[in-house]
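> Mind looking at a prediction? Sequence and model below.
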Number of protein chains: 2
Amino acid sequence: MCQLLAMNCNVPTDIVFSFTGFAHRGGRTDTHHDGWGIAFFEGAGVRHFVDHQAAIASPIAELIKQYPIKSLNVIAHIRKATQGQVALENCHPFVRELWGRYWVFAHNGDLKDFNPTLDGPFRPVGNTDSERAFCFLLQQLRERFGDQPPAMPALRAAIRDLVHVIARHGTFNMMLSDGTALFAHCSTKLCYVVRKHPFDKASLADEDLSVDFSQVTTPDDRVAIIVTTPLTTNETWTEFAPGELKVFVDGLPQPE
Amino acid sequence: MCQLLAMNCNVPTDIVFSFTGFAHRGGRTDTHHDGWGIAFFEGAGVRHFVDHQAAIASPIAELIKQYPIKSLNVIAHIRKATQGQVALENCHPFVRELWGRYWVFAHNGDLKDFNPTLDGPFRPVGNTDSERAFCFLLQQLRERFGDQPPAMPALRAAIRDLVHVIARHGTFNMMLSDGTALFAHCSTKLCYVVRKHPFDKASLADEDLSVDFSQVTTPDDRVAIIVTTPLTTNETWTEFAPGELKVFVDGLPQPE
């Protein structure tokens, strides 16, 4: 199984603290050493970093830990290969364009016998179940809504339908973002925390490191962190229910 | 005008030496400071780095100069904005998927009144003439050949037709690669050199740096470097003719 991390905020925020703990799971505090990746939305653009080296050995991961890229939506992934060999084209997150927006996707889990007909414009480059699921999702969204994106309620309902179709084939914890919202689906394991005023000190579970967020934030900042297992030891993380899809906008889970 | 750099090789090669000289044009030896980017094919996968900071001020450019990523096909770009604001989504190279392969594209020049109907699955995310040209190219290739890529002669002929259509609108020096070949089109300014056995010493034009390639290569290595203006002072660069499309495979320009 892989590990997922995502961030959704109301003001551009760097992910250095959370990524530092998360990256340790890529070969040090956990066994996920078959590559890693991270994608940051910056306006409509995306910075996309993937590496098939273990996150703890990667010069690019080192850069990310030191370079505070500020973003409203970030998705990161550390891979333990279940399907598809260790190769760059199989590293998450994947990035594709639909409706003139980039979409970023990462998956944790294992899908059995998931071979949808991909006869539209989204074809896998690598050979993972995950990239097939992403192509299927985008193909279906384009088929349902045509050339224009729908309003959020219809988009959310469609994504919920589609992730449930995919999840019939196995474990499908996933993160998806178009830069305006973050969609997180839990099959088995996902939790989140919303950091907001009054900010407090947080201590990483995977490294001896703390940060006092009150020193680096303003009272209006709001940051949701969604992750496979809690990153910190002294914050209250909320578990997703199995089968649950949450949508985060401006650092908050949206009501149904 | 922007600056382009590409590399096509017969064995995976790092671009550290050539990129070091090229990156100096991003704000030091030239005025191209509106962002930069580079994409490396690694197998079927792509490493894609873009930054809207000047290349000489970018921590990511610094990483690239120190981290010898080995690749058969690389495309890099330093931007001086002519159309579209300075923003990440307007930084070249652009990456899209067609026929289950990633395609990488960068453009130097300025297209006037180029507003093709983009009603297929490739829509611009930013607002540059360049990204419109890339979307047009991919849409046309998909329309002509359907779901499967054609053999090289047909692909080359189609790309030649399409770049000539685009070049009617202005200057269109461009680099395009699907990871197996590098297509380079010259409107006004492009040159190349093929480095092969017996390798010699090369000295950068933009920085006081030399490398003796005979020390870092094997006799079978072959590397084509294609660039807006020569990178070195002591190699023989061949200029493209205006309107010329060259295709490089395994470090060699291919005969017609």
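Okay, I see it.
> Go ahead and flag the most central residue of chain A.
A:Ile75 (3.4 Å; Cα atoms, centre = their mean).
> quick one: that one from A:Gln140, how far?
In this structure, A:Ile75 and A:Gln140 are 20 Å apart, going by Cβ to Cβ, to the nearest Å. (C-beta placed from N, C-alpha, C; glycine too.)
> which SS state does the closest residue to A:Arg47 other than its chain neighbours fall under?
Nearest residue to A:Arg47, sequence neighbours excluded (Cβ to Cβ, 6 or more residues apart in numbering or on different chains): A:Phe40, at 4.5 Å. Secondary structure state of A:Phe40, per DSSP: H, G, I helix; E, B strand; the rest coil, is strand.
> how about A:Phe40, what does it touch?
By Cβ atoms under 8 Å, 6 or more residues apart in numbering or on different chains, A:Phe40 lies in contact with A:Ile15, A:Val46, A:Arg47, A:Ile69, A:Ser71, A:Asn73, A:Val74.
> Over to the third one: give its phi and psi.
Dihedral angles of A:Arg47 (phi, psi; degrees, to the nearest 10) stand at phi -100, psi 130.
> so it touches B:Val50, yeah?
Yes - if you go by Cβ atoms under 8 Å, A:Arg47 and B:Val50 touch, sitting 6.5 Å apart.
> Which one's more surrounded, these two?
B:Val50 (26 against 21; other Cβ atoms under 10 Å in any protein chain shown).
> ok so, going back, intersection of neighbour lists for A:Arg47 and B:Val50?
Joint contacts of A:Arg47 and B:Val50 (Cβ under 8 Å, 6+ apart) are B:Leu88.
> Quick one: name the residues of chain A near chain B.
Within chain A, the positions lying close to chain B (Cβ under 8 Å from any Cβ of the partner chain) are A:42-51, A:59-60, A:63, A:66-67, A:87-91, A:95-102, A:119-126, A:142, A:147.
> For the stretch 51-200 of chain A, just list every one of the helices.
A:59-66, A:129-145, A:152-167 (DSSP state H, counting those that start in this stretch).
> and the ones you listed, which is most packed in?
helix A:129-145 (a mean of 21; mean count of other Cβ atoms under 10 Å in any protein chain shown).
> Return the set of buried residues in the helix or strand A:Ser18 falls within.
Assigned by DSSP states H and E, A:Ser18 belongs to helix A:16-23. By 16 or more other Cβ atoms under 10 Å in any protein chain shown, the buried positions in helix A:16-23 come out as A:Phe17, A:Ser18, A:Phe19, A:Thr20, A:Gly21, A:Phe22, A:Ala23.
> what are the C-alpha coordinates of that helix, in PDB please?
Once non-C-alpha atoms are left out, helix A:16-23 reads as follows in PDB (Å, rounded to 0.1, in the frame of the first residue of the first chain):
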ATOM      1  CA  VAL A  16       7.300  22.000   4.100                       C
ATOM      2  CA  PHE A  17       6.400  20.900   7.600                       C
ATOM      3  CA  SER A  18       3.900  18.200   6.700                       C
ATOM      4  CA  PHE A  19       5.900  17.000   3.700                       C
ATOM      5  CA  THR A  20       9.000  16.600   5.900                       C
ATOM      6  CA  GLY A  21       7.200  14.100   8.100                       C
ATOM      7  CA  PHE A  22       5.500  12.400   5.200                       C
ATOM      8  CA  ALA A  23       8.800  12.000   3.200                       C
END
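> What's the mean pLDDT across it?
Averaging the model's pLDDT scores along helix A:16-23 yields 85.
> ditto for stretch A:174-182
In the prediction, stretch A:174-182 has an average pLDDT of 98.
> contact partners of that stretch?
With contact meaning Cβ under 8 Å, 6+ apart, stretch A:174-182 is reached by A:4, A:6-8, A:41, A:43-44, A:46, A:72-73, A:75, A:93, A:98, A:101-109, A:133, A:137, A:149, A:152, A:159, A:163, A:183-185, A:224, A:226, A:247-249, A:254.
> before we move on, back to that, beta-bridge partners for the residue nearest to the centre of chain A, please?
For A:Ile75, the beta-bridge partners under DSSP bridges are A:Ala6, A:Ala39.
> Correct me if wrong: it contacts A:Arg47.
No - at 11.5 Å, A:Ile75 and A:Arg47 do not qualify as touching, with contact defined as Cβ under 8 Å.
> picking up where we left off before, residues making contact with the helix holding A:Ser18?
By Cβ under 8 Å, 6+ apart, the list of residues contacting helix A:16-23 reads A:3, A:5, A:7, A:36, A:38, A:55-56, A:61, A:64-66, A:68, A:76, A:78, A:202, A:204-207, A:209, A:211, A:225, A:227, A:231-232.
> and A:Ala133, what is it in contact with?
A:Phe105, A:His107, A:Leu111, A:Phe114, A:Ile166, A:Phe172, A:Met174.
> Between all of the residues you listed, which two are separated the most?
Checked with Cβ to Cβ, the contacts of A:Ala133 reach their widest spread between A:Phe105 and A:Phe114, with 14.6 Å between them.
> Just give the closest residue to A:Gln85, not the sequence neighbours.
Using Cβ to Cβ, 6+ apart, the closest residue to A:Gln85 is A:Asn127 (7.5 Å).
> pLDDT at that neighbour, what is it?
The model reports A:Asn127 with a pLDDT of 93.
> Then A:Lys65?
For A:Lys65, the pLDDT comes out at 83.
> Break down the stretch 51-200 of chain A into its strands, ranges please.
Per DSSP state E, counting those that start in this stretch, the stretch 51-200 of chain A carries strands over the ranges A:70-78, A:94-98, A:101-108, A:173-177, A:182-185, A:191-196.
> any idea how far the longest one is from the chain center?
For strand A:70-78, the distance between its averaged C-alpha position and the chain's averaged C-alpha position is 6 Å (Cα atoms, centre = their mean, to the nearest Å).
> Any buried residues in that strand, and which?
A:Ser71, A:Leu72, A:Asn73, A:Val74, A:Ile75, A:Ala76, A:His77, A:Ile78.
> now the shortest one
By neighbour count on 16+ other Cβ under 10 Å, the buried set for strand A:182-185 is A:Leu182, A:Phe183, A:Ala184, A:His185.
> pretty sure the second one contacts A:Leu245?
Yes - using Cβ under 8 Å, A:Phe183 is in contact with A:Leu245, at 6.5 Å.
> between these two, what contacts are shared?
Jointly contacting A:Phe183 and A:Leu245 under the rule Cβ under 8 Å, 6+ apart are A:Arg156, A:Ile159.
> okay, now the residue in the stretch 51-200 of chain A that chain B sits nearest to: neighbour count?
The stretch 51-200 of chain A approaches chain B most closely through A:Leu88 (2.8 Å), counting by Cβ to the nearest Cβ. As a burial measure, A:Leu88 scores 20 neighbours (other Cβ under 10 Å).
> Chain neighbours aside, what residue packs nearest to it?
Closest residue to A:Leu88 apart from its sequence neighbours, by Cβ to Cβ, 6+ apart: B:Gly45 at 2.8 Å.
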